[in-house]
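Peer 1: The following comprises the amino acid sequence and a computationally predicted model.
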Amino acid sequence: MTTPACIHLTKARPDVTPAADGCQECLASGSAWVHLRLCMTCGHVGCCDSSPNRHARLHFHTTGDPLVQSFEPGEDWWWCYADEVAFEVEGAPSYSHP
């Protein structure tokens, strides 16, 4: 891993499994999203802050899980909601929806 960009990296699970191929709440309600984020603690897949429902941020506020990785093809950056910082984790697996 790279030098920690936030103090929450210990909450990330290296073996996290995405819980869905799209935003779980949007899929259930029939809503649309712009981009997807993967919770690196529990595997929840939520929509980004540019999406109407902002389910990834809502998941953070509900659970306290601060770390997400972009779930978009070709992107491997992370975001910490608690520290409001974007960063990359060298050697971390990259995930994306199909």
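Peer 2: Yes, it's here. Residues are numbered from 1 along each chain as shown.
Peer 1: Tell me the buried residues in stretch 55-63?
Peer 2: By neighbour count on 16 or more other C-beta atoms under 10 Å, the buried set for stretch 55-63 is His55, Ala56, Arg57, His59, Phe60. All C-beta spots, glycine's among them, are computed from the backbone N, C-alpha and C.
Peer 1: same question for it, mean pLDDT?
Peer 2: The pLDDT scores in stretch 55-63 average 98.
Peer 1: got a list of contacts for it?
Peer 2: For stretch 55-63, contacts defined as C-beta atoms under 8 Å, 6 or more residues apart in numbering pick out 23-26, 33, 36-37, 39, 41-42, 44, 46-49, 65-66, 68, 81-82.
Peer 1: can you do 7 Å?
Peer 2: Identification of contacts with stretch 55-63 by C-beta atoms under 7 Å, 6 or more residues apart in numbering yields 23, 25-26, 37, 39, 44, 46-49, 65-66, 68, 81.
Peer 1: sorry, back to before: can I get the buried residues of stretch 55-63 in CSV with distance to Glu75?
Peer 2: Below are the buried residues of stretch 55-63 laid out as CSV (distance: C-beta to C-beta, whole Å):
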residue, distance to Glu75
His55, 18
Ala56, 14
Arg57, 18
His59, 19
Phe60, 19
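Peer 1: Lovely, talk soon.
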